[in-house]
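Chemist: Pasting the sequence and the predicted coordinates here, then a few questions.
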Amino acid sequence: MDRSLINDLLEDPKVQETQTHMHHSISKHDHLLRSARISYKLARVMKADIATCVRAAMIHDIDSRLGTLTTHGGIAARWAAAHGESYAVCHAIETHMYPFSPRPRTREAWVVSLADKAASLTDLTITFTGALTGQTWQRRRDLRASDPFFIPARRRLHLKRIKH
């Protein structure tokens, strides 16, 4: 993958902070990079705009914890628009969770949606393989300690009871 397509994103503080966020028991940053690499390859095969696909894939889960399964694409797309990304990039981000989000209307949006799913499957494979060696548990402990959004299950239950 041509990193020059995303060098500015890699230097952005919001993207850098994803290194400390947990996503499928790995860092969200690893997931975003994997999605970008897969998007690069798929874009070439599907004759889509490579820069649009790679940029959208690199930021498709920014601030995802502020939303839900169905809304986090819109949240990330609004962040991207506020940071000067094109409509094509924002559309690809907003629709990356199809069929739980709006239907992709461009080739680039389909690339990002497929790349995210392929990256997530790879993330889960890495997690399960690492569970056998013990690496996943250590990685989860490290990410839990650094992730400002992580709330232990016991605390989540307690917070849920307080809300009701």
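Modeler: Looks like it arrived, so ask away.
Chemist: Break down the chain into its strands, ranges please.
Modeler: Applying DSSP state E to the chain gives strands spanning 22-23, 26-27.
Chemist: List the residues that contact residue 138.
Modeler: Counting by C-beta atoms under 8 Å, 6 or more residues apart in numbering, residue 138 touches no other residue. For every residue, glycine as well, the C-beta is placed using N, CA and C.
Chemist: so what's it scoring on pLDDT?
Modeler: In this prediction, residue 138 carries a pLDDT score of 72.
Chemist: where does the chain dip in pLDDT?
Modeler: When residues are selected by pLDDT under 70, those of the chain lie in 136, 140, 150-164.
Chemist: tell me which residues in the longest helix seen in it are buried?
Modeler: Ranked by number of residues, the top helix in the chain under DSSP state H is helix 107-133. Within helix 107-133, the residues that count as buried by 16 or more other C-beta atoms under 10 Å are 107-116, 118-119, 122-123, 126-127, 130.
Chemist: And the strands of the chain: which comes nearest residue 82?
Modeler: The minimum distance between residue 82 and those falls on strand 22-23, with 22.0 Å, by C-beta to C-beta.
Chemist: by contact count, what packs against the longest helix of the chain?
Modeler: Helix 107-133 makes packing contacts with strand 26-27, helix 28-46, helix 50-59, helix 87-94, helix 135-146 when contacts are defined by 3 or more C-beta pairs under 8 Å, 6 or more residues apart in numbering; DSSP states H and E.
Chemist: The longest one packs against which elements?
Modeler: I take that to be helix 28-46. Counting by 3+ C-beta pairs under 8 Å, 6+ apart, helix 28-46 packs on helix 13-16, strand 22-23, helix 50-59, helix 107-133.
Chemist: Just send the ones you listed back as a markdown table, with distance to residue 97 too.
Modeler: Rendered in a markdown table, the data for the helices and strands packed on helix 28-46 read as follows (distance: least, C-beta to C-beta, whole Å):
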| stretch | distance to residue 97 |
| --- | --- |
| helix 13-16 | 19 |
| strand 22-23 | 14 |
| helix 50-59 | 13 |
| helix 107-133 | 7 |
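Chemist: Would you mind saying which of these lies nearest residue 6?
Modeler: Short answer: helix 50-59, nearest of these by C-beta to C-beta, at 4.8 Å.
Chemist: Just the CA coordinates for that closest one, please, in CSV.
Modeler: Taking Å, rounded to 0.1, in the frame of the first residue of the first chain, the C-alpha atoms of helix 50-59 are listed here in CSV:
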residue,chain,number,x,y,z
ILE,A,50,-7.6,4.0,-4.6
ALA,A,51,-7.1,7.2,-2.6
THR,A,52,-10.7,7.5,-1.7
CYS,A,53,-10.9,3.9,-0.6
VAL,A,54,-7.7,3.9,1.5
ARG,A,55,-8.5,7.3,3.2
ALA,A,56,-12.0,6.2,4.0
ALA,A,57,-10.8,2.8,5.4
MET,A,58,-8.1,4.5,7.5
ILE,A,59,-10.7,6.6,9.4
